[in-house]
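**Q** build the 3D model from these lines:
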Amino acid sequence: MTRMKKDTRNWMIKEAEKADDDGKGIVILQNPDERKHLDELLLNEFWPAIRSRLEQSGYNYSPDIPKTELELSYALERSLMFMLLNGARAFFRGTLRLTPERWMMESEYFLLLSRENDPQVVFDILSNSRFVGNPPTLMVGKSMLTGSEEDFYQITFNAGNGESWGLYDLSRVHDRVAKVIDANVELYNYAGADFLSANQLGEFLAIAYKAYEAY
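**A** Next up, the predicted model:
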């Protein structure tokens, strides 16, 4: 059995001593130096640029005060989530995830359509071959996002990708985040209404695939 290095053992013991006994039988330890480094990247390096891009969209955004989160994974992973909203309705959610080895940008776009929309349009979106690698998902009924009885179809588009830190500098992350936000804003500007006709479908799919390919 390989022995831990002394400095590794020291920070693990210190973090364990600070952990609360919540009765759940699990304690999660995070290297404080690496956690601080990742949080500083998220909050000081990337968040100001993200916030500026969200503001430029002209839509409401969240959060007002950014907060980093721990993601459960095989390596220390910290994340920052942000959203774009039209009024109280969220149409885009992005998550930037960082580990000591790599970064990942993920996005979700929420298309909400009324019950009056032609179901064939919904079926054509879901079955489109351009999204076969990561197909959209459908929820039928009252929207979880708004609780509105008028929302009937909620189609969620998921996309994401990341890279090792060793391949590019931080500007690569900035460019990717800006591209993803802009592509999803363009998609909402075209299809933000509750109705999507068959005549609009071709252009909608082209813009949606552009957002999908923003990675």
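**Q** how far is the longest helix seen in the chain from where the chain is centred?
**A** Counting residues, the longest helix in the chain under DSSP state H turns out to be helix 170-191. Using CA atoms, centre = their mean, to the nearest Å, the mean C-alpha position of helix 170-191 is found 12 Å from that of the whole chain.
**Q** any idea of the mean pLDDT in it?
**A** Average pLDDT, helix 170-191: 94.
**Q** so what's P135 up against?
**A** Counting by CB atoms under 8 Å, 6 or more residues apart in numbering, P135 touches L126. C-beta here means a position set from N, CA and C on the backbone, and glycine is covered the same way.
**Q** measure L85 to Q56 for me?
**A** For L85, the distance to Q56 equals 15 Å [CB to CB, to the nearest Å].
**Q** which residue ranges of this protein form strands?
**A** Per DSSP state E, the chain carries strands over the ranges 60-62, 68-71, 77-86, 89-98, 102-114, 137-140, 151-164.
**Q** nearest to L126, out of those strands?
**A** Among these, strand 137-140 comes nearest to L126, with 5.9 Å by CB to CB.
**Q** contacting residues around the closest one?
**A** Residues contacting strand 137-140 (CB under 8 Å, 6+ apart): V122, L126, F152, Y153, Q154, I155, T156, N158.
**Q** redo the residues you listed as JSON lines? Include neighbour count and distance to P66.
**A** Listed next are the contacts of strand 137-140 as JSON lines, based on neighbours: other CB atoms under 10 Å; distance: CB to CB, whole Å:
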{"residue": "V122", "neighbour count": "19", "distance to P66": "35"}
{"residue": "L126", "neighbour count": "14", "distance to P66": "34"}
{"residue": "F152", "neighbour count": "20", "distance to P66": "33"}
{"residue": "Y153", "neighbour count": "22", "distance to P66": "32"}
{"residue": "Q154", "neighbour count": "19", "distance to P66": "26"}
{"residue": "I155", "neighbour count": "19", "distance to P66": "28"}
{"residue": "T156", "neighbour count": "15", "distance to P66": "23"}
{"residue": "N158", "neighbour count": "15", "distance to P66": "22"}
